[in-house]
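> predicted model follows, preceded by the sequence.
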Amino acid sequence: MEPGKSEENKYLQEIKEKIDEISLNMEKIGIAEYIEMLHNPRRLFFANFWAGIARGFGMAIGFTILAAIVIYVLQEMIVLNIPLIGDFIAEIVEIVQEQLKIGGSVFNSTDGRI
């Protein structure tokens with residue numbers, strides 16, 4: 001056998017092993033199912049639709065829990081009567097009362113523009 005042929009066979013064997021490895025990896029990640037889904041727009045639409053519903057529901061639940069925690073912490077801060085928070089809330093109440101005295105909303109204007 002020629003010396004160049006053995007090296008060539010070695011490289012061909014390495015290439016074959018790499019192709020087998022790539023093929024196995026593609027099978028593991030489900031690339032065939034993904035390609036099949038791309039060819040079926042209705043299935044793709046419904047899969048994305050339900051994924052969006054689940055994502056939105058998860059965000060709503062997460063925001064509700066986060067808001068509850070924030071409200072709880074603020075209530076505890078009010079009970080503790082922290083001066084900075086009390087002064088801040090008092091300023092907000094004062095600004096709102098002033099706006100109510102002078103004619104209402106900031107969005108009301110005399111020329112009809114906001």
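Cool, got the structure.
> helices of the chain, start to end?
Secondary structure of the chain, counting by DSSP state H: helices at 3-29, 31-38, 41-80, 83-102.
> is it possible to get JSON lines of those helices that adds mean neighbour count and mean pLDDT?
Any C-beta I mention is one placed from the backbone N, CA and C, and that applies to glycine too. Below are the helices of the chain laid out as JSON lines (neighbours: other C-beta atoms under 10 Å; pLDDT from 0 to 100):
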{"stretch": "helix 3-29", "mean neighbour count": "10", "mean pLDDT": "86"}
{"stretch": "helix 31-38", "mean neighbour count": "11", "mean pLDDT": "80"}
{"stretch": "helix 41-80", "mean neighbour count": "10", "mean pLDDT": "88"}
{"stretch": "helix 83-102", "mean neighbour count": "10", "mean pLDDT": "76"}
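> quick one: Phe63 from Ile22, how far?
42 Å (C-beta to C-beta, to the nearest Å).
> ok, now Phe49?
Phe49 is 32 Å from Ile22, by C-beta to C-beta.
> likewise Ile31?
Taking C-beta to C-beta, one finds Ile31 at 10 Å from Ile22.
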